[in-house]
Each structure stands twice: as structure tokens, then as C-alpha cells.
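Novice: structure of the sequence below:
(chains A, B, C, D, E and F, ligands or ions: 6)
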Amino acid sequence: MSAQQAEMDVYVALQRQLYQEARLLSAEQYDDWLAMLCDEVHYEMEMPQRRLREDKTNNWAPIKTPIFNDDMAALLMRIARFKTGFVWSENPINAIRHIVSNVEVFNTEIKDQFLVHSIIEVHRSRLDAERKRLTAGRQDLWNKTATGYKLLKRTAVLDDSVVLDSNINFFF
Amino acid sequence: MSAQQAEMDVYVALQRQLYQEARLLSAEQYDDWLAMLCDEVHYEMEMPQRRLREDKTNNWAPIKTPIFNDDMAALLMRIARFKTGFVWSENPINAIRHIVSNVEVFNTEIKDQFLVHSIIEVHRSRLDAERKRLTAGRQDLWNKTATGYKLLKRTAVLDDSVVLDSNINFFF
Amino acid sequence: MSAQQAEMDVYVALQRQLYQEARLLSAEQYDDWLAMLCDEVHYEMEMPQRRLREDKTNNWAPIKTPIFNDDMAALLMRIARFKTGFVWSENPINAIRHIVSNVEVFNTEIKDQFLVHSIIEVHRSRLDAERKRLTAGRQDLWNKTATGYKLLKRTAVLDDSVVLDSNINFFF
Amino acid sequence: MKKLDDLVDFKTGRQKRVIYSDPAIYEEELEKIFGRCWLFLTHESQIKEPGDFIRTFMGEDEVLVVRQKDDSIKAFLNTCTHRGNRLCKADHGNSRKFVCNYHGWSFGFDGKLNGVPLEKEAYNDQLDKSKFGLIEVAQIASYKGLVFATFDETAPSLEDYLGEMKWYLDIWLDAMPEGTELIGTAMKVELPVNWKLPVENVSGDGYHLGWAHAGAMTVSSSMEVGGLAVGNATADNSGAVSVAGMNGHAVLAALDGQSGYGFYPDPKMAVDYLEENRATVIDRLGEYRGKRMWGSQINMTVFPNLQMLPGLNWFRVYHPKGPGKFEMWTWAMVDKEMSDDLKQMILNNVSRTFGPAGLFDNDDGDNLQAITEQSRGWRTRQMDIYTNMAIGGEHSRDEMPGVVSEGLICEQNQRYVYRRWLEMMQADSWADVPSYNNLQEARATEAK
Amino acid sequence: MKKLDDLVDFKTGRQKRVIYSDPAIYEEELEKIFGRCWLFLTHESQIKEPGDFIRTFMGEDEVLVVRQKDDSIKAFLNTCTHRGNRLCKADHGNSRKFVCNYHGWSFGFDGKLNGVPLEKEAYNDQLDKSKFGLIEVAQIASYKGLVFATFDETAPSLEDYLGEMKWYLDIWLDAMPEGTELIGTAMKVELPVNWKLPVENVSGDGYHLGWAHAGAMTVSSSMEVGGLAVGNATADNSGAVSVAGMNGHAVLAALDGQSGYGFYPDPKMAVDYLEENRATVIDRLGEYRGKRMWGSQINMTVFPNLQMLPGLNWFRVYHPKGPGKFEMWTWAMVDKEMSDDLKQMILNNVSRTFGPAGLFDNDDGDNLQAITEQSRGWRTRQMDIYTNMAIGGEHSRDEMPGVVSEGLICEQNQRYVYRRWLEMMQADSWADVPSYNNLQEARATEAK
Amino acid sequence: MKKLDDLVDFKTGRQKRVIYSDPAIYEEELEKIFGRCWLFLTHESQIKEPGDFIRTFMGEDEVLVVRQKDDSIKAFLNTCTHRGNRLCKADHGNSRKFVCNYHGWSFGFDGKLNGVPLEKEAYNDQLDKSKFGLIEVAQIASYKGLVFATFDETAPSLEDYLGEMKWYLDIWLDAMPEGTELIGTAMKVELPVNWKLPVENVSGDGYHLGWAHAGAMTVSSSMEVGGLAVGNATADNSGAVSVAGMNGHAVLAALDGQSGYGFYPDPKMAVDYLEENRATVIDRLGEYRGKRMWGSQINMTVFPNLQMLPGLNWFRVYHPKGPGKFEMWTWAMVDKEMSDDLKQMILNNVSRTFGPAGLFDNDDGDNLQAITEQSRGWRTRQMDIYTNMAIGGEHSRDEMPGVVSEGLICEQNQRYVYRRWLEMMQADSWADVPSYNNLQEARATEAK
Ligand code: FES
Ligand code: FES
Ligand code: FES
Ligand SMILES: [Fe+3]
Ligand SMILES: [Fe+3]
Ligand SMILES: [Fe+3]
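Specialist: Ligands and ions are numbered 1, 2, ... in the order given. Model prediction:
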């Protein structure tokens, strides 16, 4: 709570940025999306664990299990796969919607770098009447640059301990 | 992406406008809603198709299949039906919530006319424990007028290729 | 509709406030949340009824049935229960997300007091693949004070006539 | 399944509610009805070019319907013969071949297995590809643009299956020289309802129109339809007929020549079209059908799951998805001769009246869902329900085939639809299924 | 279903887990238990005026309970006798008539079919409306404000069904001259749980209170309740009793005259009410019930699905929705004499303790759901579970009816509830169901 | 269940689709396969310290696997012996005891019932706690770090159950002196798929790699894997083998000593590790396994639901959740000797290739789901599907146990997996289940 809220114009600008990013991702405009990322971007999501509150021992899984743990090269590889035209599971397109809410923006120690909290829900329409929905929280670092705001780091937390979709052919 | 973002005050005003519109629709305040529409309003939603990406032939369904394809007269007719008191399926009221997110506002070539993207999810509580939820994307044109912002055109896209509710006795 | 919209900076500030509040509640930071409440806070949610539109008689349930009807003391009691460490149903933590949307802010007759509409969806991940989701509308009164905005009154309406979760070990 | 006997009683118009909810009865329906009857697949206009295809269902079985090089049409189970993967995931389109996503087996749009990756290296050329073509339906045939298929090779010909219903179908399919076409794509809606309930409804239930649809009729009715009135305050049955007894097929028809467009708020453009072309139609169908029926509000039911409303230009098929669920697919069907403007106007009106957000359609779902739900409770499911309106009014008319009762408001047709349902369910094979292609015969049977 | 024998063993307090998950057993329950027993419908106070109605369930069957002109009460299956549509979709209200949404058949609130649209034009006045009234339950009766019904006309009278339980029910229903009323509307919650588990719990499970509800007790307990302690550190069974053997009904009761409000954080207002009125109650119920029981923490169970906690003023019924699902409906029940302020205070406290967001209720759901889930696995479902606490402690007391064990913490009641369950499930008809309206007889039976 | 005979035909590689959808067959599987076979529980490295536990499943039964004080491992049904509540809701962790949330019964992590609240006051010390300990599995045993259990006390020893498969398992489990460990936590995904389909796939389906995963291979393949090529344009079966006939267990193996990392975009770090340690491994496993197999792309299947890919370091178990649903749990398994950097790199790559968002894994779900769905339709479910590739190629090799066919692309293994499935389903007890721990014997059997 002690974190300091960013100026209103920064808040509004980043809120709009996140909505725009969501629309680009839903539309598979990956090149436009890449233009929103820093070259040193780090994009991660890890598998949630259900543990007892009182169980603080660390002999359990000292290593975090990643769903995503990507640098720019890894992101480019995922996008390259989509572009091969061989990803049969995405043909026909599974209509997808990236629903963003609860955008919060805070200043950080670093000038022109902002901490951004948000929630994302991904809705997908699959074959016929089948639907999938995944909910996740996100904590981002965005840098303000001459060419606009760029994503430096995203840490997402999936709100399920069992993934309820047969693939994650998309980004959060 | 090339579209130019509207000024902040316009963005905020239209964001508030869409939220207010949603609340009016959820509350069946249709006359208040109509006051938000241009007389020449065009309100449309079409049925999604699942086609192979590579299949660009147009010998398939050259005509678009509308779920809504309404001018003001058609909208008035729908609302008149609700007001007859004979729409048994809406009595008792099915508690409905219009959840709006991802509002984006861009300038257009036309002064005081704005392109507005948003996502809408409609949640309905039906008899006993039954629930329905429909998700759609919206692309609007809003005109700034002396009496406030007015909706000129709405193009909605339903995120299902099979409609998962037994009626659409509401607006998106 | 006649209600007058609050100034833009107030609107934005309270939108941010509601998002922050949601994050605190999801993180069980109850003390921080309490700091956002007026001492005279009234927090209520009542059980929806499905009645025929034409049935205006009042010999039916003149008394409202509350899901919440809490003053500060009652809220403190709920939080005290969580803190006992004896609430087995919340151990392990059920990952929870408070998704807020449709924030609207209006002035009231009282200076520095604002009427705030919003929608909240609570997503919970329970054991293994089990999920729960509850949707509700909220109407708040927030006071602007020297130490920030404080919640004076919240009236929430659950969008189900049957509660579809086995407990409500959280706040809306 | 002799026990079925007490589930449906033709004479009294009685049904036991359990037929709308019992899983065992539903399983039996998949075999005895959807596994045997001729089922609508598509309209030829939907797959004009070689390689045009549509993915649809026969019962719960998924099929691909594909236009062939020689302009014929084939239908295949939409599943790979190797490990059984779904072959095509598109709803429709045009494709030269269907390649399976799992191992890449490639089938021509004629169903032949053409390509097997590594046929030599992995299969040592031992795979007899001719044995692994796609599985075709047992019979496929068209009637004036409508394509049907059956899984049963012993089923009668499509012509015999349709029987006297053809006389009515022609009022739409053969009225104009160039025939009909479906426009746009299917409007698909899933409902938690037993599939027989919408069939029963459209087959003969003129009774519900004035009440269930009172709101829609109030705002959008533009002319009198077969004597109906908002709120069912009054009704005039003189100008309309219910016709059934034709192998389970049924017709509900006004006889005024225009009322088909009565539910369009502004039908002028369509009515003008009718009058401009009526002479042609009379030439082709004769006075009676051309004057009194073409353009009238007519409900046509082809047993078990196809229904059409010429005039309104509404066309619908139902795909069962379990005892308590189905998908309904709705299209606008038009005469090819119609102008593009008229076609667009018709599509808009079909959508606005009976589409997913249709003023009329939105009135039916809750009722049919409720009937389905009220067929489950232990006590309620033991209750009988009735379609006993105007029993005894059945007669014949020289000017039209089938068993006739007067008016749109009459439950004769539902009784005949359920009689057919019972006949199909009780028959061990098509040999046991009576044919009613001859009216005398049909009446004789009732006499019994 | 003799196989049921090994599912429940009264002597050892054993149950097989499969009774919480097997679909066939559940189907049997709908017929043998919910199809036969007297089931709670509503409280007379909920439908005061003619035309007041409530929509509720008997098993999975939906019923409308309606106050009549002559002040009597009728209950009907909530389904139209024409095509079976749900008749009323409101949860409750007041209505002069029930008009079906499908075709407009209109039923008086006495169940008579009064209006049939186009009765003359369409039915040619051939419809015998007297045969198409709403379907009534087999028997309906009230006991001091509580309305019950059964689908079985051979069921014993409500008085006989309740038997010796009436002596306990009167402690709430007949304590004050004006009797009781339900206030507010039902708090409805759906749980993925077998319906027997909450019944078992409230019937006799004082044992879980100190542990499962430790958090809630810590923050909201205001006085000692029948010897319970947070964390079950200690327990004093001397001041309380478990009572069962009354046709499956059961009672758990502290004997201090105040502890009913022990879970209210601030019970003063309620306790004052008790003491102000205790003299009156002693007049009406006598010393023992008036002094020691009225106001005490008491759990009452009316087999199979009604439970009440006088004192706490909590009132709940369970509606099964399948082997692994039920809806529970909770109300606050109060004495009519209470002031509006006290009634509001009680409603708030009932909601805060045992409502959808109740401090106590929110502790039970996960446990009961887990038991239901753990009755499904192939190996786990073969396991036995036990209610064998204090076996052998059963005795009788001159001052009260029923089979008694000491204390709130004792599993006697659950054993008797499951015995009744087995008796109902094994009986071919009510003739085979033993009555325990006479304690000696009851004891004799146990002796066997 | 003799009818099963026609469901699977070993000689022709035929299966009936109904085995992927029929609920009765699935119930039979829970008893005959998951109720009898040795099932993987955990890796010893996941529960190092006394009190370390993991919550997992055996079939649909929930079990707790707990490290004991004496370093042994026990497995219990995760359910309280009192009223059957779920005992532990955590996925894993460390705990001295397991206390039930319902009434506070406290079990030691050795399964003993240690504490019963109010044992004296409520149970009058009559409860024989020794009879209410947690229910243990029938047998539990480890093979070089992998912990297995069975519900069947008549099952053969784990060593006999694994039989000749041990020779292959050792290539991973026994290659390096310190053995293996699982790192991180399980990546859990629920799929609407029958559990046999992924098992079939990984057991022998090298055929789908080049096609189904063409996109992933295009972007991430860094070296040739057992003769596979993108799009299955070509294939070279000389450098790889399919091995089966080992009690249902199976192996798919390239023989190059490096290709296991062929799907890692940048495998250098891993490949260096292989070459640095190859000498050690040759010492331990001998030339053939050390040179040609250690580090190769290898798929190992332990019947019925455990699969491993050494080299890729991928480890997966499947938990059935009904005929059309399962959960798959995936880990990275590594050699303890590996550096933390290498372990992290491997975990990242396992996740990136076969995790919930894995480049490869995301290609399989839709295919397997579609096969499951296409096994339900009334007509489609009657279809046979085949695993008949390279029938007749089975032979033996002196250098390795089991029935061998050449190449990764060959459906031999699937045929043997389904043969084992049929043997288990038809056996009345383990006495009827053939053992193939001796190759000659195995071949003899096929000869029949
Ligand atoms: S399943 Fe279609 S190619 Fe193998
Ligand atoms: S179903 Fe009720 S009037 Fe027809
Ligand atoms: S169920 Fe576990 S202690 Fe009672
Ligand atoms: Fe209708
Ligand atoms: Fe409790
Ligand atoms: Fe694969």
C-alpha cells in the first residue's frame, strides 16, 4: 500500500495501453504487440501451489514451476510457431477475447518506470458450443520511452491449480 | 494501431458514458437509453463463422447473417415489445448485469466523432440456480453533440458460434 | 440519470480506489482494507427475490433478508474469525480475485460525499479443478477525507437467487 | 421396447412425460429414429462448387457433406479412419482435400484415402488404402434442392419417405422456375430442451401463437394470419387447415395467399413479389396451391427434425445433444429469382422474428425448457399430458392429400407426429414401419 | 432392495459410503422417502392472504403452495395439465390465478381450470375442464403453523407421523400464545453435497461444533452452550440430552433455558425477552419444558429434511437435486409477540451465524462436500464409516419422550436417523414401516 | 466381461471406439486396472524429510503419500475414518500430523489415530483407536526412486510387475550414481479426453510427431530425432526401435545417444553434460545402453498410466476422472548430479515444450479430445479404428529385451498396450493375468 500512485495522466495512459495490448493479442497482431515490449522483456507465469498456511518449510519445491518463463527469444519462438501455419489447433481461429480489468499504476524507484497491476480473463470460443475461460492476475513493469510505453516485465499468476484448457496458444 | 487516441477527457467521458449505458440497459431504463442514440443509429451483431484460415473463397455465405441489424425503428419495436407486458419470459425479471471493459477511444476523420472499442459480458440469473453468460466485442461510433455523446453505430461480435442462451431479450 | 457526474479527477481517483480495495481484499490485507472504511460504515447485501412484476403486494416479506448487514463491529468480528487460524475452509488459501468494473461516480447533496456504482465478480479457485464465481452490483457512498477516500456505505446486490458457493468467506 | 406402448396413445392424444427425459428412451431414439430416418443435411445451394462442404450432424453423429466433381453430393462421417480424429473443424467452406491433424492422412473430397505419410517407410506399402476411405452414409438423395441422408440401407427411397408431403413441399421448392436457396449461414442456438418439443410445436401448435407470442404479435404483426388474434381473444379456423398422417410429416396452412408475411412489420416488398409472380406459380402448381397456398403462412414438418415456414421464408433443423439438449439451426430460404434487396430484407426479418434475438423465437425457449425440466421429477414425470384438441375432426379433402382438420388451431398434427414416433420406436426394422403414402390406406388404419 | 441391508447397520452405527453417491440408491430415495414422507412446505405465516403462494419442492418435484379463500391451504404440482409447462416462475407472491405462458390456460388459485382460450372455437367445447385441474398432493396438513404434505395417500396422518416429536416441537411452536412466524425470505444455497449429510449433522452432531466451528465460536460465542468448548478441549454432557427413536425424528437439547442465544455475539435483547415471557411459557408448557428447555440451544429434526433450532431461531429445509447436490433454504422463525426490533435483531443474527455468509455455516460446506466426494472413488466407496459414539448409553427419562442419551456430544441420533432411512427404503409400503409413537414399543424393538 | 473380446483385436490392431466412451467399461477399468495394477505415486525426492507428503490419486481414489520417521514411505486413502471427510486439502507439504477439519480426529503421519477429542467425555473411552487408523494401500514399493502402490494384495511384486522394463528404466533411473529427482511441482492440466489416448500416443506414436507437431518442430528442433522430419516428408527407421510385450510396458527409442534434447531449441548445455558423463554411464550400464541409448530420445511407458522421456527429462502421470476426462501431471526429472543451472534450463525447456503452454503439448489436446468425442455418436461409436502399422515386423534383438520393431514410427507398441488392457479387463484375478517376463514365452504367446 505504501507504493505511490502514478500521476493521473500516466495512469490513464497505461490503462489505455493495456486495453490496446489486449485487443492486439486477441487479434493475433503479434508484430504490433512485440513493438510494445522492451528487448530485455521478461514474461513469466508460474504454476500455483496449494499449501497449508502454516507449512513454511522450503523442502518443498525450492524451484518454481513455470508455465511461461520467457525472454524475447522465447516469445519470438512462440510467435514463429503460430506463423508456420502448422498449428492445426488454431485453425479455424478460436475466437478469443482478452478481458482486462483492475488496472493500477504506481511509481517505482526508477524514473519513468511504473508498476502496473491488472487482472486478465481470457475467454475462448472453441468448436461448436465449447468455451474456455482462464483468469489470472498480472504485475507488470512498464518503461516510458520516446516511442511510448514498453513492457519490461510481466509476472502473471494463474487462478487455477489445474489448468482448465487443453492448450494455451495465446498470451496473458 | 495507426488510429490516433482521443484526448484524455474524451476518453474518460466516453468510458463513463459506456458504463452508464450499461447500467441503464441492466435496469431496463430503455427511454433513457434511447436518449443516448442518434436517430440514424445502426445497431448490428452478426453470427460468427468458423472457417479455415486458408479458405478465402467467397462462394460461402456472401450475405452476412445478422443477430441484430437494427435501425431506430427496429430498436423501438423491440422495446415496444418489452413494454407490452406480454413478454412472459421476462416476468419475473431475469436479473441482468452488463459488464463493460477494455474501453478504448480513438479520433476519426470526422470531427467530434469517435471510434470506441469495448468488451461486454452479459450475466443473467434465470430461474433458481440457472445462469447464462454471453461475451461480445463491440466497435462503436459515438458523436459528440450539444446534448452529450450519442451512439451512431454499434457493431458487436458474439464470442460463440452457437448462442448459449434461449433468448436475447436484452441489448449488448 | 439526473445525478450529476463527479469531476474527472474524483472519478479517476475513486476508480483507482476501488481497484486498490479489490486487490487488498484478494490478498486478505484486511487491516489495510479497514483503514479505507469510515467508522460508521454500513455494509449490506440482501438476498434477491424473484417476484412477478405485477405483484406489488407487500404482504410478502416486508422484512429484507440480509446476506450481509454489518456495521464496523460486525465486520471486525468476521475479520477476527479469519485471524483465529481456525477457519479450516480457508486453509489452504482459495486463490481469490475481486474483479471490479463499470465504476461510475456521481456527486451527492453532501459535499465531498460521492455515490459510486460498480460491478464486482469474485472468482475463486478451490480444491483441484473446482472454481466458483459470484457476480454482484454495488452502490457505495464514499467520503473524501483528509486521509483519503473512505467507504461510508455499501449496498451490494447478488446476481443469483440461489447462492452458488458453499461459503462466502470473503467480502464483495 | 413394447413398454413404449403406454408412453404414447394416439386415440386420446396422451403422452407420458418420461419420453422427454429418460436417457434410455433417448438412446433408443438415436438408433430407431435418427439411425433410420432420412435426415436433412443441407440445401444444394449451400455447396455449389466442387469441394464446397458443410459440417453438420445426423443425430449426434458428425458428418461432412461435400459437393463432388461430377456435381453429385456425398456425406461422410467426419472422422478419420486411422485413429478416429475429427477430420474437419470448420463449419463450412471449400476444400480440395481433408487432411487429418493427427498423422496427416489425406482424404480427397470424394472420401478416398489418397495420401498416407510414410506409406512406404512406415507401412511398408502394406496398407490397403482402398479399405480406409471415409465412411459414407448408407443412402443420400435430394428432393428439389434439399439434401437428405440415412444411415439405414434398408430405408425406403427418399421419394417414398416423403410420400404425399411432396405435394406440399412443392409449394415452396417448386413454385418458381429457378427454385430455392438458403442464404447466409446457420443461426445456431443451443437449448436445454428435449428435441421433440420444438418439433411438436411447429408441427401443429397454432394455438400458442396468440398467447405465447402476444408481445411480438402486438408490435410486429402487419396482417391477419389464419384467423389468429393477439391473446387468443378470438380465432377463425375457416381459412386454414392442419394436415397430417403422411408418414409423420405434417402441414399447418393458412389459405389466403399472403399471410406468410403477416409477422413482418413491413411486408410490402415481399407481398409485391408474390403478386408479381403469382401467375407463374399458378401455371406451375395450379389454381389451388398457386392462389390459396403460395404466400400463405404455412408450417411444414418433415419427420423427424426438419421444419419450414414458406412465406415467412424460415427454415430450421434440430440436432439432438442428449435427452435434455439440442441445437437448432435456422436459415432464411428464398426463391433464387428474388432481388438481392428482397433477399436481404427477408434475411433481416427472419432474424428479427425467429433468429437468436428474434421477437417471436425469444418467447418459446423458456416454455419448452420448462416442459423438459417438469418431465424429470419423480411424481411429475408420472403425469400424462395431452394433445387432444379437436379429436374427431379428422377428414379428407379432395383438393389436398393427407388427413385434414380445419384451422391452424388444432392438435391433430401433434397426435400424428407422436404416432409416427411410436411406430419408429417399436419397429424392429423398416419392414415393420407402416407407409401412409395412400390416404385411403391411412384412414383405414385410423379406423382400426 | 434387500441389498440395502448391508448399507446401514444400526447396532454398530455403520454406514457404507455408497449411500452418499450411488445414483440408483438416490432414485430409490426419491420414491421411497420423498415420495412417501410428510415433507415441509411452508409456514402458514408465509401465505397469510388468499392468493398468497410459495413455489417450493417436494423431493425434486416442484409444487405451488397456495392460501385459499376459505383460509385452507392447497399444494399443486407447479405444472400445467395441458402440455406440462411450468405454471409459475415466481418464488412467491400473491396471485388471483395462475395463467400458463404457453397457451394461456388459466387456473384459479384453487387449482381449478377456469379458462381455456378458444375453448369453443378450438376445443368445440369438448374439453372436460374438470378433468384438467392442477394435480394436488395426496395429503396436506398443518401442525401449529408448519404446513406439510405427502404424495402418498396411504401415509399415516401428520399427527401420527410426527408422533412423540410433537412434545418437542411445542417447545417452539406452542410456547407463546400467538405462535410463530417465518420472517424475511428464504436464504437459498446450493451445495454439491448428498442431502443426508447435513441432516445427519444437525440431527445429532454436537461433536463437530467445538472443532469445525472453532473460529466462529471464538469470536461470537457469548455464553456456554450445553457444555461445549472451543477446540473441544473439554465437554460437559450433564446439562444436555440427545433424543431419538421417534419415527426418525430427533432432538439435541441443552437444558439451561438460555443457551439458544449463545452463538449470538450480543444476545441480551433476546435473553431479556425469554425471562420476560418465561412465566407465560411455564403456564403453557409446564415447569420442565418452560424452565429448562425453552430458550435452550435445541436442534430439532423432522425426518427426512426439516431442521430447526429454537433459541437460535434458525429454520432450514433441504431439497435434493441429485445424489451429489441439494439446495438448502434457511429462514429466521420468531414468536409473533416479539417486537419488530427483536425480530430484526434475530434475522440479522441468523444470517450472520448460519446464512450464506454465516460465521458458522461457512465452516460446514467443505466438510460435507468432501465426504460426498470421498464416497465416489472405487476403493474409498467400499469403506465403512461410523456413528458409534456412546453406543449403549440409550435409556429413557420419565420427564421426556423418546430414546435418550446424555449430552449434545453423542452420535445416538444419527444412528436412529439412518435406521429410519433403512426402514423407509426397505418398506414396500407404509404398512411395512414401524411406528415408534410408543416408547416402550420403541425400546422393545431395539432390544431385538 | 467376455463381450470385451470383440472390443480389441491384437492380431489386426483393431479397437472399437466404444472403449473410449462407455461408462460401464470405464467403471470396469477402475476395478480391473486401477484397482489392481501398480500405480505411480511419487518420486522419493519429492518427499525427503519425515512428514513430507504429497496428495495424489490412484484411479479416482485420493491418497496421501507420506515419508515416515524410519525413512520408509506409506500411502493412505486421504479420508478420515470417522465420517469420511477429506483429511488433507493441501497438494503437498510437510506435516507432523493430519487433523480432520470436521471433528478434530488427529492422525499421526504414520496413519495411526492418535487423538480423538473428548475420547473420554464423549466416547467413554470405548473407542478402539487401533481399529480407526487411516486405510493403507495393499502394497507399496519403490524402484530406484519411483514409488508405486497397488490396492490389490494379490498383485505380483513391483519387480515382477515391471519385469523386463527395468532394463530400460535403468537407462534413466540408474545411469548416474546419485540417481534422479523430480524438480519443481506438478504441472496439472485437465483434459476432456479418455485416459487411454495419451497413453497410446506416448507409448508408440512416433508417427504423429512430424505432422501434429510440425509447427513446434519447425521452430524449436535443434537436431535430428530418430529419423523424424517436419511434415513426415521422409523418415529413417534404421536408427531407432519400438519395444513392447513387457507386461504392457513399452519403449520407443532412438539409438544415437543425444537426440533426447533434439526438441530443445538450444541443447548445448545438456549435450555437454551427456558427453562429460558418458564414460561414467558406460561403466554402469555397459556400452550399448551407455553409448546408444543414454541421452537418446526415448519414450517409456509403465502400464497403465506412467510415461517418461529421458533425454527430454519429461515425466508424466495420468489420473482418470471419468470415461471422458483425466488430469495429467507433468514434471521435469533430472539427475541429481546436474548443476542448478542445468536443472533450471531443463525445467524451462520441459515447460516450454510439454508444459501447459508447451509448444508441443499444445498440439495434442484437440486431437485426443476429438477422438474421445467421436467415440460417442450412435453410428460413429460402432466404427473400428486401427493400429496396424508394420504388423509382422515384430522380432527380438539379442542386445535388448522385449518384442522389437524397427523405428520410432510403428504402431507395434499400441497393439501390445491394448492387448494388456484386454488381459487385465478379462482376468478375474491376477492369477489369470499372463506374465511376459521371459521373451521366449512372450513370443510363444504371440505365435498362438
Ligand atoms: S488419426 Fe487421422 S491420421 Fe491418424
Ligand atoms: S402448456 Fe399450459 S396452456 Fe398449454
Ligand atoms: S469426519 Fe473426521 S473427525 Fe469426524
Ligand atoms: Fe412459437
Ligand atoms: Fe455445523
Ligand atoms: Fe504429441
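
Novice: hey, let's count contacts and neighbours off CA atoms from now on
Specialist: OK.

Novice: I'd like the next helix or strand past the longest helix along chain D.
Specialist: Scanning chain D for the helix with the most residues, using DSSP state H, yields helix D:268-287. Going down the chain from helix D:268-287, the next helix or strand is strand D:298-302, by DSSP states H and E.

Novice: what comes up buried for that next one?
Specialist: D:298-302 (16 or more other C-alpha atoms under 10 Å in any protein chain shown).

Novice: let me know the closest of those to residue E:362.
Specialist: residue D:301 (53.3 Å; C-alpha to C-alpha).

Novice: near ligand 1, which residues of chain D show up?
Specialist: Counting by C-alpha under 6 Å from any ligand atom, the positions of chain D adjacent to ligand 1 are D:80, D:82-85, D:100, D:102-105.

Novice: how close does the residue nearest the centre of chain D get to chain A?
Specialist: Geometric centre of chain D, nearest residue: residue D:306, 0.3 Å, by C-alpha atoms, centre = their mean. From residue D:306 across to chain A, the span is 20 Å (C-alpha to the nearest C-alpha, to the nearest Å).

Novice: all strands of chain A, in order?
Specialist: Using DSSP state E, the strands assigned to chain A run over residues A:37-46, A:66-70, A:96-107, A:113-125, A:131-145, A:148-158.

Novice: let me have the ones you listed in JSON lines, extended by mean pLDDT.
Specialist: Below are the strands of chain A laid out as JSON lines (pLDDT from 0 to 100):
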{"stretch": "strand A:37-46", "mean pLDDT": "98"}
{"stretch": "strand A:66-70", "mean pLDDT": "98"}
{"stretch": "strand A:96-107", "mean pLDDT": "98"}
{"stretch": "strand A:113-125", "mean pLDDT": "98"}
{"stretch": "strand A:131-145", "mean pLDDT": "98"}
{"stretch": "strand A:148-158", "mean pLDDT": "98"}
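
Novice: ok, which of the ones you listed comes nearest residue D:75?
Specialist: Closest approach to residue D:75 among the strands of chain A (C-alpha to C-alpha): strand A:113-125, 26.6 Å.

Novice: ok so, going back, taking the buried residues of strand D:298-302 together, which two end up most distant?
Specialist: Among those, the pair separated by the greatest distance (C-alpha to C-alpha) is D:298 and D:302, at 13.0 Å.

Novice: so where's chain D uncertain?
Specialist: Within chain D, the segments meeting pLDDT under 70 span D:1-2, D:439-448.

Novice: show me what from it comes close to ligand 2.
Specialist: Within chain D, no position lies close to ligand 2 (C-alpha under 6 Å from any ligand atom).

Novice: tell me which element whichever residue of the stretch 251-400 of chain D sits closest to chain A is part of?
Specialist: Closest to chain A within the stretch 251-400 of chain D is residue D:327: 9.3 Å, counting by C-alpha to the nearest C-alpha. Remark: residue D:327 resides in strand D:326-335, with elements defined by DSSP H and E.

Novice: can you list the residues that contact that strand?
Specialist: By C-alpha atoms under 8 Å, 6 or more residues apart in numbering or on different chains, the residues outside strand D:326-335 that reach it are D:176, D:178-195, D:313-321, D:343, D:346-347, D:350, D:355.

Novice: can you do 6 Å?
Specialist: Here strand D:326-335 makes contact (C-alpha atoms under 6 Å, 6 or more residues apart in numbering or on different chains) with D:179-183, D:186-191, D:195, D:313-320, D:347.

Novice: swap in stretch D:254-270?
Specialist: By C-alpha under 6 Å, 6+ apart, stretch D:254-270 touches D:220-223, D:225-226, D:239-240, D:291-297, D:311-312.

Novice: any buried residues in that stretch, and which?
Specialist: By neighbour count on 16+ other C-alpha under 10 Å, the buried set for stretch D:254-270 is D:254-267, D:270.

Novice: for residue A:156, give the beta-bridge partners.
Specialist: Counting by DSSP bridges, residue A:156 forms beta bridges with residue A:45, residue A:138.

Novice: how many other residues sit next to it?
Specialist: Here the number of neighbours of residue A:156 (other C-alpha atoms under 10 Å in any protein chain shown) works out to 23.

Novice: distance of it from residue A:41?
Specialist: 14 Å (C-alpha to C-alpha, to the nearest Å).

Novice: from chain A, which residue is nearest to ligand 3?
Specialist: residue A:52 (17.7 Å; C-alpha to the nearest ligand atom).

Novice: about what we covered before: go through the very next helix or strand once past the strand holding residue D:327 and flag the buried ones.
Specialist: The helix or strand immediately downstream of strand D:326-335 is helix D:340-354, counting by DSSP H and E. Residues D:343-354 are the ones in helix D:340-354 that count as buried (16+ other C-alpha under 10 Å).

Novice: output the set of residues of chain A in proximity to ligand 1.
Specialist: By C-alpha under 6 Å from any ligand atom, no residue of chain A approaches ligand 1.

Novice: do the single longest helix found in chain A and chain B meet at all?
Specialist: The longest helix of chain A (DSSP H) is helix A:8-26. Yes: using C-alpha under 6 Å from any C-alpha of the partner chain, helix A:8-26 comes into contact with chain B via residue A:19.

Novice: what helices or strands is that helix leaning on?
Specialist: Packing partners of helix A:8-26 (3 or more C-alpha pairs under 6 Å, 6 or more residues apart in numbering or on different chains; DSSP states H and E): strand A:96-107.

Novice: go with 8 Å
Specialist: If contacts are counted by 3 or more C-alpha pairs under 8 Å, 6 or more residues apart in numbering or on different chains; DSSP states H and E, helix A:8-26 sits against helix A:30-34, strand A:96-107, strand B:96-107.

Novice: pLDDT on it, on average?
Specialist: For helix A:8-26, mean pLDDT rounds to 98.

Novice: buried subset of the contacts of stretch D:254-270?
Specialist: Using 16+ other C-alpha under 10 Å, the buried ones in the contacts of stretch D:254-270 are D:220-223, D:225-226, D:239-240, D:291-297, D:311-312.
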